Every structure is written in C-alpha cells, then in structure tokens.
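Student: Pasting the sequence and the predicted coordinates here, then a few questions.
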Amino acid sequence: MERGRVQSVEGEIAWVQMQGSDACHSCGAKTICRTDGEGQRNLAVYNGLGALPGQWVEVAERGHITLKLAGMQFGLPLLGLLAGIGLAALWMPPLGLPPELVQGLCGILTMLASGGITYAWAQRVARSGPLFEVLNLA
C-alpha cells in the first residue's frame, strides 16, 4: 500500500500524485504511472471513498491485478513453448531435419503466438479502467 495526494478528480477516477520512494524502481505499476514535467508519478485510481483534491490517500491494487499480469506475461508464453515442443514431438512429419530443431522451432513459434495473446490481453486490461483504488483517506 502506497500513499499519495489527490491532484484532481474526474467522476469516479482520482489522479493521485504518488510519493516517490526506492520501491518505485522495482514497482510493477511504474509502466502505468504517468510522469509529469517535474518527474512526479501520477496514477489513475478508482475513487470509491470520494477523496477530494488535496487529500492524502492510501492506494492499493484492485483484485491482485499485478499477480494476474505476471502470471499471464510469464506463464502463458512458457506454456506455449512447452506445448509447441510437445506437439512437435508427438506429431512430426518427416522433413529430413533433426527432430530437436523442429521441436525448438515449433516451441518458439507457439511461445511467440502466446506472447501476442498475452500482449493483447494486457492492453485490454489496461484500457478497462483504473487498476488501483483508494483504500483509506489518510
């Protein structure tokens, strides 16, 4: 849970200026925090508690989205790689090529395809609305 100050409110969305910390460098949300001209991080959050501009709030992710994104970004391509290798091992036409080469190429192709699916899913999630919410008014 991180603290920030509400900069503006647009309906149910509040733009919160996050306090900078050492955790920003390793934060999974740094790709969706937008930086203003002064280097401050601003985050769109769901404002279910009705925070007003100037108030300090505590912000947390909604529905363990970081865990879900990490699982999709790493898990699905790994499964695609393994599925491609396994399918090539089970069903390999006689191409006159070493079987390891065909299995590796099929694994890479299915990994790339599942990576594309993951990318499209992540873009849809990012457009669906704020991934964080105001938990407490501080």
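Tutor: Everything's here; your move.
Student: so where does S8 fall, helix or strand?
Tutor: Assigned by DSSP states H and E, S8 falls within strand 2-10.
Student: quick one: that strand to chain centroid distance?
Tutor: 21 Å (Cα atoms, centre = their mean, to the nearest Å).
Student: So which residues of the protein form helices?
Tutor: Per DSSP state H, the chain carries helices over the ranges 65-70, 76-90, 99-127.
Student: got the CA positions of the first one in PDB?
Tutor: As requested, C-alpha coordinates have been extracted for helix 65-70 and formatted as PDB (Å, rounded to 0.1, in the frame of the first residue of the first chain):
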ATOM      1  CA  ILE A  65      -4.000  -7.400 -10.900                       C
ATOM      2  CA  THR A  66      -0.200  -7.400 -10.600                       C
ATOM      3  CA  LEU A  67      -0.200 -11.100  -9.800                       C
ATOM      4  CA  LYS A  68      -2.600 -11.900 -12.700                       C
ATOM      5  CA  LEU A  69      -0.500  -9.800 -15.100                       C
ATOM      6  CA  ALA A  70       2.700 -11.500 -14.100                       C
END
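Student: Just the buried positions in it, please.
Tutor: Neighbour counts using 16 or more other Cβ atoms under 10 Å place I65, L69 of helix 65-70 among the buried residues. Heads up, the C-betas are built off the backbone N, CA and C, glycines and all.
Student: Repeat that for the longest one.
Tutor: Of all the residues in helix 99-127, those buried under the rule 16+ other Cβ under 10 Å are V102, Q103, C106, G107, T110, M111, S114, T118.
Student: What is it packed up against?
Tutor: Contacts of helix 99-127 with other secondary structure elements, assessed using 3 or more Cβ pairs under 8 Å, 6 or more residues apart in numbering; DSSP states H and E, are made with helix 65-70, helix 76-90.
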